[in-house]
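**Student:** quick one: sequence and predicted model below, then my questions.
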Amino acid sequence: MNNTLIINKLKHTGNLAFPFSPPFGGVGGGVILIFLCLILAITANAQTKVVCVGASITEGGLVTDPEKDSYPAQLGSLLGDKYQVINCGVSSCTMLRKGDHPYWNTDAYQKALNSSPDIVFIDLGGNDAKAVNRVHMSEFAKDCNDMVNVFRSLPSKPRVILMLPFVSFETDSNQIWDPVIVNDIIPAIQQVAYNENVEVLDMHSLLINRPDLFPDKIHPNDEGSSIIAKRLYDQITLKTDNEFDILSKLKTAYTISDFKGYICLDFKLRGRECKVVKPKVAASNKPWIWRTRFWAHEPQTDIALLERGYHLVYCDVAELMGNTEALSIWSDFHKLLTKAGLSKKSTMEGMSRGAMYSFCWAAVNPDKVSCIYVDNPLLDCRYLADREGEDLGEMTRDFMAAYNLKTRDDIRNFKGSPMDKIQEIVKGKYPILILCADQDEAVSPTQTLEFERKIKEAGGNITVMMKYGFKHHPHSFPNPAPIVDFILKANK
């Protein structure tokens, strides 16, 4: 709505009656009207200020033209005229006050503070991984914590977002050494994010599979910077419900712990260990991902979805292998979470035997599932009869106890695997994603291929991503983007 229409509407509704009646008629009324128009014009043209704090990657160290190709510049192009993106990157700078080039001492830092920012991205930590700076590593968390609070205390009260350092492909251990980033810097930043309850973005995974975008092994090129800009754009424009907080909604007693920089609620339900990890801000439709087995193993996808406003949950029914008792417990768990405000449908995530758990739940509850992602999945338990030799192994013994099976022949005659529940599974019409290693020594990939064939024949929606040259471990991808994209699409 333009300013003239706004003024006319206010006049007709009586909200601007005073400028047109004594004692504000005539010239005085016109002056006030002009003043109000100016205020409205300023408000309409106000821009959200985004400040990018960082070192050489932020500055645009290896791009063609930093003025248009650095990730802050590309972010500005994506956001458009309603935003002003200010690049405050300075090459070689450290988060550490005692580092060889502290960001704290730069003019860019003062510029960032004086800009009245609405959003601040902080990308510092890579240079702190150099040998010359590691001697001060014990002070990194405090310095990071202090910088967060300096920005948060500004009169503009900006939204502060910490960025985990980008991957380094450098081979000189004296330089920016990735093991130091992974083992020291990232945990410290995550701890600050937890302590101060600020957002944190996993930029380390974002390009970890793209060494081709790092010509000097340290700095991304134009394409890499474009991927970074798109990630920040998605975070800024994420549709959220800022008022929702599951801490006040969950009707059970719990304790609180730290999960990768996020608040984790720990509690028991029917004697079972449960976890609910809350995002910094919930996505508007309150989506959630349900890890069905192997809590916190290869959590890249979980972390990426937490960043995007998903809740992450877990209810430990490990030895029950998806039987009726497990499903009963999970039914109570689902009721607890949905009554607390989470979406009726969840994303199911199962690694290895977790697939059995996921599909057993989905087969009985097709209306409570938005999509399923499983990884090197156990889809047919009959193979357990001959897998372990004379010693059946713990998993097979658990499986037999869960379903009251006594002999190997009982296993061979078992009819309760996902492979036996094709019609119930496709009834839900939810998309299915399977990651499958072609050299999986624990669960034959032929299970996945047969399952895929049956699902497609029944009219189901299934995608299989084959991981060539891999065995059962590791699960997931170092960069979980294909999995995340699948889940986000399914939950639109």
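**Tutor:** Perfect, thanks for sending it.
**Student:** so what's Asn145 up against?
**Tutor:** Residues in contact with Asn145 (Cβ atoms under 8 Å, 6 or more residues apart in numbering) are Val192, Asn195, Glu196. (Glycine included, C-beta is placed from N, CA and C.)
**Student:** how near is it to Pro72?
**Tutor:** From Asn145 over to Pro72 the distance is 24 Å, taken as Cβ to Cβ, to the nearest Å.
**Student:** swap in Ser91?
**Tutor:** Using Cβ to Cβ, we find Ser91 at a distance of 14 Å from Pro72.
**Student:** between those two, which has more neighbouring residues?
**Tutor:** Each of Ser91 and Pro72 has its neighbours counted (other Cβ atoms under 10 Å); Pro72 has more, 26 against 15.
**Student:** and the one helix or strand the more buried one maps to, what does it pack onto?
**Tutor:** Secondary structure from DSSP states H and E places Pro72 in helix 71-79. With contacts taken as 3 or more Cβ pairs under 8 Å, 6 or more residues apart in numbering; DSSP states H and E, helix 71-79 sits against strand 48-54, helix 56-59, helix 66-69, strand 83-89, helix 222-236.
**Student:** please repeat the previous calculation with a cut-off of 7 Å.
**Tutor:** strand 83-89, helix 222-236 (3 or more Cβ pairs under 7 Å, 6 or more residues apart in numbering; DSSP states H and E).
**Student:** in JSON lines, list the ones you listed along with distance to Arg382 and mean pLDDT.
**Tutor:** JSON lines is the format used below for the helices and strands packed on helix 71-79 (distance: least, Cβ to Cβ, whole Å; pLDDT from 0 to 100):
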{"stretch": "strand 83-89", "distance to Arg382": "57", "mean pLDDT": "98"}
{"stretch": "helix 222-236", "distance to Arg382": "43", "mean pLDDT": "98"}
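**Student:** please identify the most buried of these.
**Tutor:** Comparing those by mean neighbour count (mean count of other Cβ atoms under 10 Å), strand 83-89 ranks first with a mean of 21.
**Student:** and the next helix or strand past it?
**Tutor:** On the C-terminal side of strand 83-89, the closest following helix or strand by DSSP H and E is helix 107-114.
**Student:** list the buried residues in that following helix.
**Tutor:** Ala108, Tyr109, Ala112, Leu113 (16 or more other Cβ atoms under 10 Å).
**Student:** do you know the pLDDT at the second one?
**Tutor:** At Tyr109, the model reports a pLDDT of 98.
**Student:** residues contacting the residue nearest to it when sequence neighbours are not counted?
**Tutor:** Among residues not flanking Tyr109 along the chain, Tyr103 sits closest, at 5.6 Å (Cβ to Cβ, 6 or more residues apart in numbering). Contact analysis of Tyr103 by Cβ atoms under 7 Å, 6 or more residues apart in numbering lists Val90, Cys93, Thr94, Met95, Tyr109, Leu124.
**Student:** hmm, who's touching the host helix or strand of His204?
**Tutor:** Per DSSP H and E, His204 falls inside helix 203-206. Helix 203-206 has contacts (Cβ under 7 Å, 6+ apart) with 163-167, 181, 186, 227-228, 231, 300, 478-480.
**Student:** any regions of the stretch 301-450 of the chain where pLDDT drops low?
**Tutor:** 388-391 (pLDDT under 70).
**Student:** hmm, back to that, can you redo the contacts of Tyr103 as a markdown table, where the extra columns are distance to Lys82?
**Tutor:** Shown next, in a markdown table, are those (distance: Cβ to Cβ, whole Å):
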| residue | distance to Lys82 |
| --- | --- |
| Val90 | 27 |
| Cys93 | 29 |
| Thr94 | 33 |
| Met95 | 30 |
| Tyr109 | 26 |
| Leu124 | 27 |
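**Student:** top of these by neighbour count?
**Tutor:** Met95 (30 neighbours).
**Student:** show me the strands in the stretch 251-400 of the chain, by range?
**Tutor:** Along the stretch 251-400 of the chain, counting by DSSP state E, counting those that start in this stretch, strands occupy 255-259, 262-269, 272-277, 282-283, 288-291, 311-315, 346-351, 369-375.
**Student:** each with direction, which strands does the first one pair with?
**Tutor:** Think strand 255-259. Applying DSSP bridges to the sheet, strand 255-259 is found paired with strand 262-269 (antiparallel).
**Student:** averaged pLDDT, the strand it pairs with. What do you get?
**Tutor:** Strand 262-269 shows a mean pLDDT of 98.
**Student:** can you show me the CA trace of that strand as CSV?
**Tutor:** Extracted C-alpha coordinates of strand 262-269, given in CSV (Å, rounded to 0.1, in the frame of the first residue of the first chain):
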residue,chain,number,x,y,z
TYR,A,262,20.9,-26.8,21.5
ILE,A,263,18.7,-27.3,24.6
CYS,A,264,17.8,-30.9,25.1
LEU,A,265,15.0,-32.0,27.4
ASP,A,266,15.7,-35.4,29.0
PHE,A,267,12.8,-37.3,30.7
LYS,A,268,11.3,-40.8,31.1
LEU,A,269,8.1,-42.1,29.7
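**Student:** before we move on, back to that, what would the helices and strands packed on helix 71-79 look like in a markdown table with distance to Lys49?
**Tutor:** Output for the helices and strands packed on helix 71-79, formatted as a markdown table (distance: least, Cβ to Cβ, whole Å):
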| stretch | distance to Lys49 |
| --- | --- |
| strand 83-89 | 5 |
| helix 222-236 | 12 |
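**Student:** for those, which one sits closest to Ile487?
**Tutor:** Minimum separation from Ile487 across the helices and strands packed on helix 71-79 (Cβ to Cβ) falls at helix 222-236, 13.9 Å.
**Student:** helices or strands up against that closest one?
**Tutor:** Under the contact definition 3+ Cβ pairs under 7 Å, 6+ apart, helix 222-236 sits against helix 71-79, helix 203-206.
**Student:** out of the ones you listed, which one sits most buried?
**Tutor:** Among those, helix 203-206 has the highest mean neighbour count (mean count of other Cβ under 10 Å), at a mean of 23.
**Student:** pretty sure Val53 is in contact with Ala112, am I right?
**Tutor:** Yes - under the criterion of Cβ atoms under 7 Å, Val53 makes contact with Ala112 at 5.4 Å.
**Student:** so what sits against both of these two?
**Tutor:** Common contact partners of Val53 and Ala112 (Cβ under 7 Å, 6+ apart): Cys88.
**Student:** before we move on, the earlier item: let me know the pLDDT of the residue nearest to Tyr109.
**Tutor:** Listed pLDDT for Tyr103 reads 98.
**Student:** tell me the bridge partners for the closest residue to Val53 other than its chain neighbours.
**Tutor:** Nearest residue to Val53, sequence neighbours excluded (Cβ to Cβ, 6+ apart): Ile122, at 4.8 Å. Using DSSP bridges, the beta-bridge partners of Ile122 come out as Val53, Leu162.
**Student:** test my guess that Pro480 contacts Pro299.
**Tutor:** No - with contact defined as Cβ under 7 Å, Pro480 and Pro299 do not form a contacting pair (9.2 Å).
**Student:** so the two - more neighbours on which side?
**Tutor:** Remark: of Pro480 and Pro299, Pro480 carries more neighbours, 23 against 20, as counted by other Cβ under 10 Å.
**Student:** mind listing what the more buried one touches?
**Tutor:** Pro480 makes contacts with Ser205, Gln300, Thr301, Ala304, as judged by Cβ under 7 Å, 6+ apart.
**Student:** surely the second one and Pro474 touch.
**Tutor:** When you say that, I think you mean Gln300. No - at 10.1 Å, Gln300 does not count as touching Pro474 under the criterion of Cβ under 7 Å.
**Student:** so between these two, which is more surrounded?
**Tutor:** A count of neighbours by other Cβ under 10 Å puts Gln300 above the other of Gln300 and Pro474, at 20 against 14.
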